[in-house]
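1. Sequence and predicted structure, then a few things I'm wondering about:
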Amino acid sequence: MNSSTQKNLSFAVLSLSILAVLAVTAVAPALGRIQLSFPQASILELQMMLNFPALFLIPFSLLSGQLTLRFKKRHILLTGLVIYFISGVGSAFITNFTVFMVLRAFLGIGMGMVTPLSFSLIADLFSGDKRAKLMGFSSAVATSSAILMSLISGWLALYNWRFALGAYGISLVVFIIVYLYLPEPPSSGQAIKQAKLPSLVYAVVLFNMFSIVIFNLISNQMAFYLKDTNLGDSAESGIAIAAYQGAQFLVALIFDKIYRILKNNTAIFGLVVSVIGFIILFSANSLWMIILAVFITGLGIGTLVPYNALTISNQVSPDLSGWALSLNTSALFAGQFISPFLFSLISTIFGFSSVRFYFLSAAVMCAMVALIIFSAKINHRKNRVDKTVV
């Protein structure tokens, strides 16, 4: 593969990472303006609209993974992009809220067909250090796109909220790039006969769900935390979340270097750094301490998403990467739903009266998971030595 072809492949694969974040970021800044166009919709219905696509993404992500065992990934991807474009851009022209929600559902279906393949195709087309580098870049593109699209959509919504939904038109550009530059990955034809996944894949999928549960805590609770501690308002919350996302972006850019040094200890590293960040956040008594804490936490959490995807892709053949990573994608979005309910349950059980204790809970959970992973590594190493001796 020559340098020009490899660059085109990398560009095509990374362009897919933009689309996963658009479902929420294109709409969230315009929510207030959308409410004016649909006065009959309740506040709850409008809030549900943001995450409504994810309800359909999860089952269709799993379906997409199964389809990759029987159909060409390129065909599944192009079909998903067409659904994504029509439902996304089409929703800008709708005046009926029910129809609008139906199109949001189809947007989730399109996302479910596209999102797992964004990581799967990296696993299929690249190996070694290049694969690790692109896994990190994929997360970096998604994070930077979320920040940039939030700003653009918010600005467009000032003129007309329907303009903000034009951001979904990017999927047409991605369709053209994929059609021109992304070939069908090679297949061994053994996927259906050997479709059983290693047990480690399921363990990493559960770990990924845990990562996202923790990942969403800061975004979900920061505004409440600042209000609870009288350290800021919405503006300060925006600064803190930007610092959190910025740290994730930076660590994603150098993920391949981190992985090259730490290898299978990367997850423990990410969890330990996260523990430090959450403890600082728990004890913070100034805005600057909070910003420092979320930045440190972002560095820790930011290593986990690309590491999980890379670990799964390294455990399976290219034929099975679509199915394995579709499980990972489903776990990711399931974690988003579980996060607020889990911490609310923890608060009820232990009688927490302050948001501050959510972060202490997260620190304890990260420390416990790090110890579990460390113990599993020690036991695995011990069993391997015993077998060698025998």
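-> Thanks, I have it.
2. can you count the residues close to Val173?
-> Other residues within reach of Val173, judged by other CB atoms under 10 Å, total 12. Every residue, glycine included, has its C-beta placed from N, CA and C.
3. Going forward, count from 781.
-> Shifting the count to begin at 781 puts that one at Val953.
4. so how far is Gly892 from it?
-> Distance of Val953 to Gly892, computed by CB to CB, to the nearest Å: 21 Å.
5. Count the residues that sit near Leu794.
-> For Leu794, the neighbour count with other CB under 10 Å is 18.
6. try Phe1121
-> Residues lying near Phe1121 (other CB under 10 Å) number 10.
7. contacting residues for it?
-> By CB atoms under 8 Å, 6 or more residues apart in numbering, the contact list for Phe1121 is empty.
8. what about it, which helix or strand?
-> helix 1098-1130 (DSSP states H and E).
9. got the angle between the next helix or strand after that helix and helix 1098-1130?
-> Per DSSP H and E, helix 1098-1130 leads on to helix 1136-1169 as the next helix or strand towards the C-terminus. Counting by axes from the mean of the first three to the mean of the last three CA atoms, to 10 degrees, helix 1136-1169 lies at 130 degrees to helix 1098-1130.
10. Counting by contacts, list what helix 1136-1169 packs against.
-> Helix 1136-1169 is packed against helix 979-1009, helix 1046-1063, helix 1098-1130, with contacts defined by 3 or more CB pairs under 8 Å, 6 or more residues apart in numbering; DSSP states H and E.
11. quick check: mean pLDDT across the following helix or strand past the second one?
-> Moving toward the C-terminus from helix 1046-1063, the first helix or strand encountered (DSSP H and E) is helix 1067-1095. Averaging pLDDT along helix 1067-1095 gives 92.
12. For helix 1067-1095, name the packing helices and strands.
-> Applying 3+ CB pairs under 8 Å, 6+ apart, one finds that helix 1067-1095 contacts helix 877-905, helix 908-939, helix 979-1009, helix 1014-1033, helix 1035-1042, helix 1046-1063, helix 1098-1130.
13. quick one, the shortest one and helix 1067-1095 angle?
-> So that's helix 1035-1042. Going by the same axes, to 10 degrees, helix 1035-1042 is angled at 80 degrees with respect to helix 1067-1095.
14. buried ones in helix 1035-1042?
-> Neighbour-count burial for helix 1035-1042, counted by 16 or more other CB atoms under 10 Å, picks out 1035-1036, 1038-1039.
15. who's in contact with that helix?
-> Under the contact criterion CB under 8 Å, 6+ apart, helix 1035-1042 has outside partners 909, 912-913, 915-916, 919, 1031, 1046, 1049, 1083, 1086-1087, 1090.
16. and with 6 Å instead?
-> Outside helix 1035-1042, the residues that touch it by CB atoms under 6 Å, 6 or more residues apart in numbering are 909, 912-913, 916, 1046, 1049, 1086.
17. right, and Ala920 touches Ala1032 too?
-> Yes: Ala920 lies in contact with Ala1032 (CB atoms under 6 Å); the separation is 3.7 Å.
18. one step back: list the buried residues in the helix holding Phe1121.
-> 1098-1119, 1122-1123, 1126-1127.
19. Could you pull up the mean pLDDT of stretch 1013-1033?
-> Here the average pLDDT along stretch 1013-1033 is 83.
20. how about that stretch: buried residues?
-> Within stretch 1013-1033, the residues that count as buried by 16+ other CB under 10 Å are 1016-1017, 1019-1021, 1023-1033.
21. Among the contacts of helix 1035-1042, which one has the most neighbours?
-> Going by other CB under 10 Å, Pro1086 tops the contacts of helix 1035-1042 with 29 neighbours.
22. gap between it and Leu1033?
-> Going from Pro1086 to Leu1033 by CB to CB gives 11 Å.
23. swap in Ala806?
-> Counting by CB to CB - Ala806 and Leu1033 are separated by 24 Å.
24. quick revisit: quick one: which of the contacts of helix 1035-1042 is nearest to Ile932?
-> Using CB to CB, Gly916 is the member of these that sits closest to Ile932, with 24.2 Å.
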